[in-house]
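K.L.:
I would like to see how this sequence folds:
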Amino acid sequence: MYAIGMSKSAPEPTPGYLVWRLANKWRVAVDRAVAPLGLTHAQYVVLASLHGMGRSGERPSQRRLADHIGLEALYVSKLARALESAGLLARTRDPHDPRAVQLALTEEGGEVARRAIDLVRDLHEQLLAPLGGPGSARTLALTNELTTLLRTPLAPPVPDDQATRGAPHDHRDARRQPS
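P.N.:
Residues are numbered from 1 along each chain as shown. This next block holds a predicted model:
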């Protein structure tokens, strides 16, 4: 478990503890920001990622999306089914691989995604203000440090398991990831 800075041997919080606390703080903040749209943070990540991928002409499979956002494929499948039921995305069979399911936003899903992205962009401005805002040198330095940590494998890679390879694979992907 992470030290919380109370013991004499670890008077300061560990980096792991701080990352865990920050991740939870941001997740809760995003949950609250997108709740009026009927979304959770995880659903927002799916919609915002599909929005970005769709703008570049990509219609990803559930597996490709899972690898892109760093979630388990089974969880992405559950999220996709819920978003499909809400009319926000369409799941169709891949014409080149009948085992794969492709994902795309519906018209309504695109609108909800754009509204959610705007809300989260405003939230990021607020959350990053103590560092000077999203484009500040401090924020860019933090982004670079976090990207380095995310690229570091936690364990020997398991074949075909992007989660243990330290995805995202390049720094540009890390900056495009929705929070």
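
K.L.:
Output the lowest mean pLDDT helix or strand found in the protein.
P.N.:
helix 171-176 (a mean of 43; mean pLDDT, DSSP states H and E).

K.L.:
helices or strands next to the longest helix along the chain in the packing?
P.N.:
Longest helix of the chain, by residue count under DSSP state H: helix 107-128. If you count contacts as 3 or more CB pairs under 8 Å, 6 or more residues apart in numbering; DSSP states H and E, helix 107-128 packs onto helix 15-34, helix 41-55. In this view, the C-beta of every residue, glycine as well, is placed from N, C-alpha and C.

K.L.:
Can I get it in PDB, CA atoms only?
P.N.:
Output of helix 107-128 as PDB, limited to C-alpha atoms (Å, rounded to 0.1, in the frame of the first residue of the first chain):
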ATOM      1  CA  GLU A 107     -25.100  11.700 -34.800                       C
ATOM      2  CA  GLU A 108     -26.400  12.200 -31.300                       C
ATOM      3  CA  GLY A 109     -23.200  10.600 -29.900                       C
ATOM      4  CA  GLY A 110     -21.100  13.100 -31.800                       C
ATOM      5  CA  GLU A 111     -23.100  16.000 -30.400                       C
ATOM      6  CA  VAL A 112     -22.800  14.600 -26.800                       C
ATOM      7  CA  ALA A 113     -19.100  14.000 -27.300                       C
ATOM      8  CA  ARG A 114     -18.500  17.500 -28.500                       C
ATOM      9  CA  ARG A 115     -20.400  19.000 -25.500                       C
ATOM     10  CA  ALA A 116     -18.600  16.700 -23.100                       C
ATOM     11  CA  ILE A 117     -15.200  17.600 -24.600                       C
ATOM     12  CA  ASP A 118     -15.900  21.300 -24.200                       C
ATOM     13  CA  LEU A 119     -16.900  20.700 -20.500                       C
ATOM     14  CA  VAL A 120     -13.800  18.700 -19.800                       C
ATOM     15  CA  ARG A 121     -11.600  21.200 -21.600                       C
ATOM     16  CA  ASP A 122     -13.000  23.900 -19.300                       C
ATOM     17  CA  LEU A 123     -12.400  21.600 -16.300                       C
ATOM     18  CA  HIS A 124      -8.700  21.100 -17.400                       C
ATOM     19  CA  GLU A 125      -8.200  24.800 -17.500                       C
ATOM     20  CA  GLN A 126      -9.400  24.900 -13.800                       C
ATOM     21  CA  LEU A 127      -7.400  21.800 -12.700                       C
ATOM     22  CA  LEU A 128      -4.200  23.000 -14.400                       C
END
